[in-house]
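*Asks:* model this:
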Amino acid sequence: LLLTTVFILAATVMLTASRQEILGFIKRQLPSGLLAALQKLRQYLREALLGWCKAQGILAAVTFGLLLVGFFLLRIQAAVLLAFVIAAMDALPVLGAGLLLVPWALAEILLGNTGRGAGLGLLFAAVLTVRNALEPHVVGKQIGLHPFVSLLCFYYGWRLAGIPGILVLPCIILILVKLQEWGYSKLWR
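*Replies:* Prediction:
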């Protein structure tokens, strides 16, 4: 383990110090057409990543708004802070609004606060429904995929590889679509 760690650190330092030389060597080995396509693709993926981040921000803002309204209706103290924390958790894969809202709702019901517990459960259902309905449309619009294609990518990405699949499959589809648009591939007509 120590030898592997030292090797990885040394290789990282050496590669970082020689980055420009290595990239220059690789660029000289690639045909100019392929190099142009890769540079164009790199720029597009950077823009798509920024679009995905923007989409997540929009979805987090919608979630925050729903939670804030729900917390005010349920008369929960520190509503703004709680809505912010839960919306931030909801933007992260795997972690979601349910990670906090579901146990909180169950605890409220077990403690005899059935109204508040049911309200928190309904709030979670509303957040889940709205986010799942908006996500394919918002993400697809921001990264340049049709909402239905985005929905299919999310579903099949999840079925194939879980959370990494949700992130990777849309990127693969984007790459294929852009290569087709730019005339670098002839997958369909």
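
*Asks:* can you list contacts of stretch 2-21?
*Replies:* Identification of contacts with stretch 2-21 by C-beta atoms under 8 Å, 6 or more residues apart in numbering yields residue 22. C-beta coordinates here come from the backbone N, C-alpha and C atoms, glycine included.

*Asks:* quick one, helices of this protein?
*Replies:* 2-17, 19-29, 32-73, 79-91, 97-110, 114-143, 147-161, 163-181 (DSSP state H).

*Asks:* pLDDT below threshold where in the chain?
*Replies:* Across the chain, the ranges flagged by pLDDT under 70 are 93-95, 187-189.

*Asks:* and the residue in the chain sticking out farthest from the centre, what are its phi and psi?
*Replies:* For the chain, the largest distance from the centre (C-alpha atoms, centre = their mean) belongs to residue 112, which lies 37.4 Å off. Note on residue 112: its backbone torsions stand at phi 100, psi 0 [degrees, to the nearest 10].

*Asks:* go on, residue 30?
*Replies:* The phi/psi pair for residue 30 (degrees, to the nearest 10) is phi -90, psi 140.

*Asks:* how about residue 111?
*Replies:* Dihedral angles (degrees, to the nearest 10) for residue 111: phi -90, psi 0.

*Asks:* what about it, distance to residue 105?
*Replies:* Distance, residue 111 to residue 105, using C-beta to C-beta, to the nearest Å: 11 Å.

*Asks:* who's more crowded, these two?
*Replies:* residue 105 (22 against 10; other C-beta atoms under 10 Å).

*Asks:* list the contacts of that one.
*Replies:* So residue 105 contacts 117-118, 120-121, 124 (C-beta under 8 Å, 6+ apart).

*Asks:* make it 6 Å
*Replies:* Contacts for residue 105 (C-beta atoms under 6 Å, 6 or more residues apart in numbering) come out as 117, 120-121.

*Asks:* what does residue 59 give?
*Replies:* With the criterion set at C-beta under 6 Å, 6+ apart, residue 59 makes contact with 131, 138.

*Asks:* so how far is residue 117 from it?
*Replies:* Distance, residue 59 to residue 117, by C-beta to C-beta: 26 Å.
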